[in-house]
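[1] Test case, fold it:
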Amino acid sequence: MLSPARPPAPSVSVSYERSLNAYLQTRGLPLGRPGADACLSPASRVDGRTFGHALTHSGRVLGDATTGLAFGLCVGGAGFGLLGVAAATAPTLRDSVRQLQRFESLTSTLGHMTVRQHSRHLVSLCWQPAAPDTPPAVAEAIIAGWVSFGRYLLDERVEVVEASFAHRASAPRSAYEAALGCPVRFEADRHSVTLAAELLDAQPRFAEPTISGALDAWLDRCTLGVATPPQQQPTARRVAQALAGGLPLADADEDAVATVLQLNRRTLQRRLTEEGASFRALLDAARAQHAIVGVLRGGVSLAQLGADIGFDEQSSLCRAFRRWTGYAPLAVKSRLQPMFSELRSTTV
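    I've put the predicted structure just below:
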């Protein structure tokens, strides 16, 4: 009988860390990890404490107590990776929020979102850190990211009723209110953004039912190994982490992954079957995530991208891409690349 596994340490995705590095570079302070901009899988994880320390330390060096807030306000779609694509293509803001709740582990396991209905007219999106010692700068980056990206998706039509933080203010309240464009409350019972409930029915500017529906179909498999409690699917989780953690997808067959996990192939197959998972589904999800982010990020030919994830021919990648998104790679790129950048101007 398997003993319960300890929950994994809070972490963020490489995509989110790339955006932090890009932001710090605009401030003349590249403090990220060496090699953080290397071509890593977008699902790779970065230790959350290291990320929080970099964000907090950069604020001290810059003499800017609101560095986390400023970073959150300019994160582009690439910072959210596939979660950004899923949220942007959802048919309504309500569906975007649902995607955030379902798949937030793609970007971060630093905390989780809940939705609190105050009345028929008001709703709050709340963020609960996974660790009690999460730096205030991280919470400010999360809340600011929600506000800014939400406004961007709705063509800036989002009027925020209030933003709340559980910690004390690190700068004058007026600085927060000017940045977020709404009243701000500190030492609240939770970190949250409060909106008019009717906004949940608004349609994002990149809404695309075909892509959204296709992403829904396989994102469950994509997060199977990282979003479920570790004691329920420990082997599926380990397989997903191996596929995201640097093992070349072109060489990622059952034997290779079993070797990484120090199992034999039949044991790996048996455990995945017992957990209701399959190696084929997990590998397909890892390929899809790498391919979609790779196409939107650009800089790599389709032939090379296909070879990187194990397709011998470009046509095989294109067929798989249609299955994952409902469209050919260039059609998805044309539709979504405008929102898929590391950083964006807060004036957009």
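[2] Could you check how far the residue nearest to residue 176 when sequence neighbours are not counted is from residue 322?
    By the measure of Cβ to Cβ, 6 or more residues apart in numbering, the closest residue to residue 176 outside its immediate chain neighbours is residue 184, 4.3 Å from it. Placement of C-beta: from N, CA and C, glycine included. From residue 184 across to residue 322, the span is 45 Å (Cβ to Cβ, to the nearest Å).
[3] Compare the two (neighbour count), which wins?
    Neighbours were counted for residue 184 and for residue 322 using other Cβ atoms under 10 Å; residue 184 has more, 22 against 15.
[4] count of residues packed around residue 49?
    Using other Cβ under 10 Å: residue 49 sits among 17 other residues.
[5] what's in contact with stretch 146-161?
    72-75, 77, 80, 84, 87-88, 93, 96, 122, 125, 127, 163, 180-183, 193-196, 199, 202-206, 339, 344, 346, 348 (Cβ atoms under 8 Å, 6 or more residues apart in numbering).
[6] Show the buried residues in those residues.
    72-75, 77, 80, 84, 87-88, 93, 96, 125, 127, 163, 180-182, 193-195, 199, 202, 204, 206, 339, 344 (16 or more other Cβ atoms under 10 Å).
[7] Filter the residues you listed down to the ones in helices?
    72-74, 77, 80, 84, 87-88, 93, 96, 180 (DSSP state H).
[8] Thought residue 76 was touching residue 18, still the case?
    No: assessed by Cβ atoms under 8 Å, residue 18 is found out of contact with residue 76, at 10.3 Å.
[9] tell me, what's touching these two both at once?
    With Cβ under 8 Å, 6+ apart as the test, residue 18 and residue 76 both reach residue 342.
[10] Wait, residue 316 touches residue 306, no?
    Yes: between residue 316 and residue 306 there is a contact under Cβ under 8 Å: 6.4 Å.
[11] More neighbours: the two, which one.
    Per other Cβ under 10 Å, whichever of residue 316 and residue 306 has more neighbours is residue 306, with 25 against 13.
[12] which one is the more buried one nearest to, not counting chain neighbours?
    residue 317 is the one closest to residue 306 (Cβ to Cβ, 6+ apart), at 3.4 Å.
[13] any idea how the chain splits into domains?
    For the chain, the structural domains run 11-201, 209-339, going by automatic domain parsing.
[14] Next, format those as JSON lines and append mean pLDDT.
    Shown next, in JSON lines, are these (pLDDT from 0 to 100):
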{"stretch": "domain 11-201", "mean pLDDT": "89"}
{"stretch": "domain 209-339", "mean pLDDT": "87"}
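[15] ok, now which ones touch residue 296?
    77-78, 85, 332-333, 336-337, 340.
[16] can you do 10 Å?
    Residue 296 makes contacts with 77-78, 81-82, 84-85, 329, 332-333, 335-337, 339-341, as judged by Cβ atoms under 10 Å, 6 or more residues apart in numbering.
[17] So which of these is the closest to residue 255?
    Among these, residue 82 lies closest to residue 255 (Cβ to Cβ), at 27.6 Å.
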